[in-house]
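Engineer: take a look and give me a structure for this.
(one chain, ligands or ions: 1)
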Amino acid sequence: MFKALVVEKDEDSGKTSAVVQEISEDQLPEADVTVAVEYSTVNYKDGLCIGPGGGLVRKYPHVPGIDFAGTVEASEDDRYKPGDKVVLTGWRVGEAHWGGYAQKARVKADWLVPLPEGLDARQAMAVGTAGFTAMLAVMALEDHGLEPGHGPVLVTGAAGGVGSVATAILANLGYEVAGVTGRPETGDYLKSLGASQIVPREDLNETTKRPLEGETWAGCVDAVGGEMLARVLGQMKYGCSVAAVGLAGGAALPATVIPFLLRGVNLLGIDSVMQPYDNRVRAWQRIASDLPMDKLEAMIQPATLEDLPGLGRDILKGQVKGRVVVDVN
Ligand code: NDP
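Structural biologist: Predicted coordinates for the structure are as follows:
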């Protein structure tokens, strides 16, 4: 028997409840690799899946946790053997398939990535899906020509998970980073991660009738979407790119096409869930080399399985700072 956070649904009321329970290995879903989970984390999607589901969870009882890191315990796939250190993000694990909020998980070998040299399981989950996605966003901006010296790079939702890791990576790579936050009290924290400029959220979350404003940003990692993204598009320098990662401020995009047509601005979509294996390996290797571990350490808020129902509610309200690391043992 081992511990797991199990979400159950009352069919009559439709209400869900999440409680830590003892479950047995034969309750795990069928798949080819069993992992002794060491750490997981809390993402926005986890907040939805710990709570009423947001349409992501179809079958109950359910074990959430969209990412985890740990050690292979048993494997029917030649690529992994007992003792291998692995990390998992994406593939609808924790949504359609039982996830990482348990001391054991059983998943497809295709969904795993070997933990890169230089990162342990705790650090990997301090990075988590949020940090992995931040790295994908930085890689996409670089692939579209971003280089240090082109000008400031904007990070929206800077004090959140994606934003914190993006800020630390970009600053470490030599970029001038401007962080947008709605929490002025996080200014010192963002500066400690390497932001040189703090932009108050209210400066950017109102629509303007002007499709173009002053050319300000050489790149942007956007975790917010909505009106903020629309506004940022009109402030990009000529030929520069925005990596659209999230929708913390809304899924709508009340923008015009003028920044694309008159300034050659690029809007790059970033998906972490279905990334091909080679790109996942590349991103994890870049994280190990380009994210300073002391800055990662400063983002960590430790937690246990028992803390998850409260943390799930907090992340849905945008109240989590940095990266929660859940020690499932
Ligand atoms: P967090 O909740 O940790 O961070 C989001 C941040 O956005 C908050 O901390 C806050 O930052 C800011 N924010 C929250 N609400 C608003 C609002 N109404 N208006 C403006 N800013 C707001 O979440 P994550 O960093 O983990 O994820 C960020 C987004 O990225 C989410 O939408 C998530 O679903 C998405 N995501 C997408 C992935 C992909 O594959 N594309 C993968 C991972 C995440 P501050 O307090 O500094 O203002």
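Engineer: which positions in the stretch 151-300 of the chain make contact with the ligand?
Structural biologist: Residues of the stretch 151-300 of the chain that fall close to the ligand, judged by C-beta under 6 Å from any ligand atom: 157-163, 181-183, 186, 201, 205, 223-224, 228, 245-249, 270-273. Heads up, the C-betas are built off the backbone N, CA and C, glycines and all.
Engineer: residues near L28, how many?
Structural biologist: Burial of L28 is recorded as 18 neighbouring residues (other C-beta atoms under 10 Å).
Engineer: check R92 too.
Structural biologist: Taking other C-beta under 10 Å as the neighbour definition, R92 ends up with a count of 14.
Engineer: mind listing what it touches?
Structural biologist: Shown here is R92, whose contacts under the criterion C-beta atoms under 8 Å, 6 or more residues apart in numbering are V273.
Engineer: cool, and Q21?
Structural biologist: For Q21, the residues meeting the contact criterion (C-beta under 8 Å, 6+ apart) are 3-6.
Engineer: what is the nearest of those residues to the ligand?
Structural biologist: Sorting the contacts of Q21 by how near they are to the ligand, with C-beta to the nearest ligand atom, puts L5 at the top with 18.3 Å.
Engineer: for the stretch 51-200 of the chain, give the residue positioned nearest to the ligand.
Structural biologist: In the stretch 51-200 of the chain, no residue comes nearer to the ligand than G160, which is 1.9 Å away by C-beta to the nearest ligand atom.
Engineer: that residue contacts A248, correct?
Structural biologist: Yes - proximity of G160 to A248 meets the contact threshold set by C-beta atoms under 8 Å, at 6.6 Å.
Engineer: ok, the two, which is more surrounded?
Structural biologist: More neighbours surround G160 than the other of G160 and A248, with 28 against 20 (other C-beta under 10 Å).
Engineer: chain neighbours aside, what residue packs nearest to that one?
Structural biologist: Computed as C-beta to C-beta, 6 or more residues apart in numbering, the closest residue to G160 that is not its neighbour in sequence is A223, at 5.9 Å.
Engineer: quick check: phi and psi at that neighbour.
Structural biologist: When read as degrees, to the nearest 10, the backbone of A223 gives phi -100, psi 0.
Engineer: can you tell me the element T71 falls in?
Structural biologist: Assigned by DSSP states H and E, T71 belongs to strand 67-75.
Engineer: an error on my part: the question was meant for E297.
Structural biologist: Going by DSSP H and E, E297 is in helix 293-299.
Engineer: by contact count, what packs against the helix or strand just after that helix?
Structural biologist: The C-terminal neighbour of helix 293-299 among helices and strands, as given by DSSP H and E, is strand 300-304. Contact partners of strand 300-304 among helices and strands, from 3 or more C-beta pairs under 8 Å, 6 or more residues apart in numbering; DSSP states H and E: strand 323-327.
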